[in-house]
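J.: quick one: sequence plus predicted model below, questions after.
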Amino acid sequence: MRLVAAVCLAAALAFAGDGGRADYVGGTLPGIPSGTGGRIHATDDVQFRFEAGRNSVRIPWGRVNLLEYGLQVNRRYAMAVLVSPMFLLSKSRRHFVTVGYTDDNGKQQAMVVQVDKNDVRAVLVALEARSGQRVQFQDQEARKAGKG
């Protein structure tokens with residue numbers, strides 16, 4: 001058990017440097033177009049931040065009320081047809097994190113970001129630790145990928 005905690009802490013500290021890479025997929029945020037690339041900063045004691053160029057979203061941890069993680073898994077059919085049938089054995093996985101929160105007016109808001117596969121575990125650990133919320137997994141495959 002201590003080893004798992006040490007690994008999670010090490011991952012979170014590595015993630016703390018400049019944040020995890022993520023793309024804004026959608027949600028209720030005005031002014032940020034879908035597909036905008038940015039960075040998630042989830043190690044701050046006070047707030048969650050998503051920074052994408054000049055756009056920045058800051059959510060105090062106390063207002064976060066939902067964390068959800070899911071995968072979209074696709075087989076690489078086009079690559080198999082063009083290059084080699086061996087590509088049918090490989091899968092493309094996209095990692096999505098949803099953060100639900102209440103805004104300054106008390107209204108429910110949400111944002112969905114696609115997180116880089118190398119950063120997803122550290123993002124999930126940091127989000128749970130800072131917000132006090134448990135990550136909800138969309139299905140068993142997401143649970144397996146998120147827990148590592």
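T.: Sure, I can see it. Source: prediction; values computed, not measured.
J.: list the contacts for residue 101?
T.: 59, 63, 64, 65, 66, 108, 109, 110 (CB atoms under 8 Å, 6 or more residues apart in numbering). No exception for glycine: its C-beta is placed from N, CA and C like everyone else's.
J.: give me the element it is part of.
T.: Using DSSP states H and E, residue 101 sits in strand 91-102.
J.: which is the next helix or strand following that strand?
T.: Heading C-terminal from strand 91-102 (DSSP H and E), you reach strand 108-115.
J.: for that following strand, the distance to its chain's centre please.
T.: On the basis of CA atoms, centre = their mean, to the nearest Å, strand 108-115 sits 9 Å off its chain's mean C-alpha point.
J.: who are the packing partners of that strand?
T.: strand 20-27, strand 91-102 (3 or more CB pairs under 8 Å, 6 or more residues apart in numbering; DSSP states H and E).
J.: the spatially most central residue of the chain and residue 49: what is the separation?
T.: Closest to where the C-alpha atoms of the chain average out (CA atoms, centre = their mean) is residue 97, at 3.7 Å. Per CB to CB, to the nearest Å, residue 97 is found 14 Å from residue 49.
J.: overlap in contacts of these two?
T.: residue 40.
J.: beta partners for residue 95?
T.: Beta bridges link residue 95 to residue 71, residue 115, judged by DSSP bridges.
J.: check contacts around it.
T.: 69, 71, 114, 115, 116, 117, 120, 145.
J.: cool, and residue 37?
T.: 21, 22, 23, 24, 52.
J.: repeat that for residue 111.
T.: 24, 26, 27, 28, 29, 50, 57, 98, 99.
J.: ok, the closest residue to residue 23 other than its chain neighbours to residue 54 distance?
T.: Using CB to CB, 6 or more residues apart in numbering and skipping the chain neighbours, the partner closest in space to residue 23 is residue 114 (4.6 Å). Separation of residue 114 from residue 54 (CB to CB) stands at 20 Å.
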